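Q: Build me a model from this:
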Amino acid sequence: MIVCSDCKKTYKTRGGFERHRASKHGQQVKVKQLILTEEILCEIVNSAMLSMREKKIYSVNLRNEMDISKFQGLEEIEFRELKCIFDGLVKNGDSEKFFSKYYATIALESTRFFKGFSQHSAALLAIKVAENMLAYYKRQKSVSTNNADCNLNLSDREKAGLQYIGGYVLQKIHNRHRAKASHESQQAQAILKAGKSDKNDSTQKLVESVNRGGLWFISEPSQIIFLKTEQYFRRATSTPGLTKVDIAGIAQESISDCDVLSNYNLILAEAELEPDKHVEKDVLHNIVSLYVRVRAFSFAKDIIQRYKIKSKQTKAKSLRKEISRSCQDTEDQRNE
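A: Modelled structure (predicted):
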């Protein structure tokens, strides 16, 4: 058993423990200026009411009750309660905790927050408002964190490098599990093989040119996972004067990304064995973490190489060499 030193939770596997450390005690994705104001809340509630009014799955009486003019905002105490729950979502990003606290506080006392509505209508409206609040949070978070990433266009050379590293990552982790005989390792190998492309892909030119039969070509979903991870890596390493790469933080951002998760599910669907849930999470965490670690070493190597080149260009010659060269030039002039 592995015990977390911060919160004393216990974990059976190191992979589960590392995911816990990264998500609960690591650096969190900061959502800039995401504050719930009374005006924003009114817009969220009005949007929920309009949506319910237009859907014919609700009864006529309920739809007629969804009159925008009926909602005049919340009292200060009720607004503070609701804002406190939303601030918790912004802080930890946990939608399950958000819904749990919201239902226990708001939904069960919906008529106190949405006065003038019947109990049934107020309860349904409260649920719809919760969904809209979560959608608002995700939308604002996506705008604040992905603006710099969404337009990332890799050159052919960069894309070839990403494909090569991606194949190395999948093969490296696969070889680790191949040395083990456990049922979990067999499941992990099935997932990793599903991320491999069986056919030689002509679009992966670097792998194709250096391959002698042992390299892995990677599938399209795998390439998207590595591309999204590369975006998070570049954003994290774009700060001038960076002295440390937050590998755990970058990996956590990547494995929480919707595109990464959806493409990983495509890989899982192709796996020959149906893996356990904790194996699925461990494999994705290992894939992303190893990719970020390889890129971090490459990033550091590039910095050192640039420093060496710069030092060589600016390095002054020793005094003896300068005197010797000066004397030699003077002697040559005399001889002429």
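Q: so what does the helix or strand containing G167 touch, helix or strand wise?
A: Using DSSP states H and E, G167 maps to helix 156-178. Helix 156-178 makes packing contacts with helix 183-194, helix 205-210, strand 217-218, helix 220-236, helix 277-314 when contacts are defined by 3 or more C-beta pairs under 8 Å, 6 or more residues apart in numbering; DSSP states H and E. Quick note: C-beta positions are derived from backbone N, CA and C, even for glycine.
Q: Give the buried residues for the last one.
A: By neighbour count, with 16 or more other C-beta atoms under 10 Å as the criterion, the buried positions of helix 277-314 are 278-292, 295-296, 299.
Q: Please apply the same query to the fourth one.
A: Of the residues in helix 220-236, those buried by neighbour count under the rule 16+ other C-beta under 10 Å are 221-233, 235-236.
Q: Just the CA trace of the helix holding G167, in CSV.
A: Output of helix 156-178 as CSV, limited to C-alpha atoms (Å, rounded to 0.1, in the frame of the first residue of the first chain):
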residue,chain,number,x,y,z
ASP,A,156,6.5,18.5,-41.7
ARG,A,157,9.8,18.0,-39.8
GLU,A,158,8.2,18.7,-36.4
LYS,A,159,5.3,16.3,-37.2
ALA,A,160,7.7,13.6,-38.3
GLY,A,161,9.6,14.0,-35.0
LEU,A,162,6.3,13.8,-33.1
GLN,A,163,5.4,10.6,-34.9
TYR,A,164,8.8,9.0,-34.2
ILE,A,165,8.7,9.9,-30.5
GLY,A,166,5.1,8.6,-30.3
GLY,A,167,6.1,5.3,-31.7
TYR,A,168,9.0,5.1,-29.3
VAL,A,169,6.8,5.9,-26.3
LEU,A,170,4.2,3.2,-27.1
GLN,A,171,6.9,0.6,-27.9
LYS,A,172,8.9,1.4,-24.7
ILE,A,173,5.9,1.0,-22.4
HIS,A,174,4.8,-2.2,-24.3
ASN,A,175,8.3,-3.7,-23.8
ARG,A,176,8.1,-3.0,-20.0
HIS,A,177,4.8,-4.9,-19.8
ARG,A,178,6.0,-7.7,-22.0
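Q: Any stretches of the stretch 151-300 of the chain with poor pLDDT?
A: For the stretch 151-300 of the chain, the stretches with pLDDT under 70 are 151-152, 200-201.
Q: sorry, back to before: so which of the helices and strands packed on helix 156-178 gets nearest V60?
A: Between V60 and these, the tightest spacing by C-beta to C-beta is seen for helix 277-314, at 43.5 Å.
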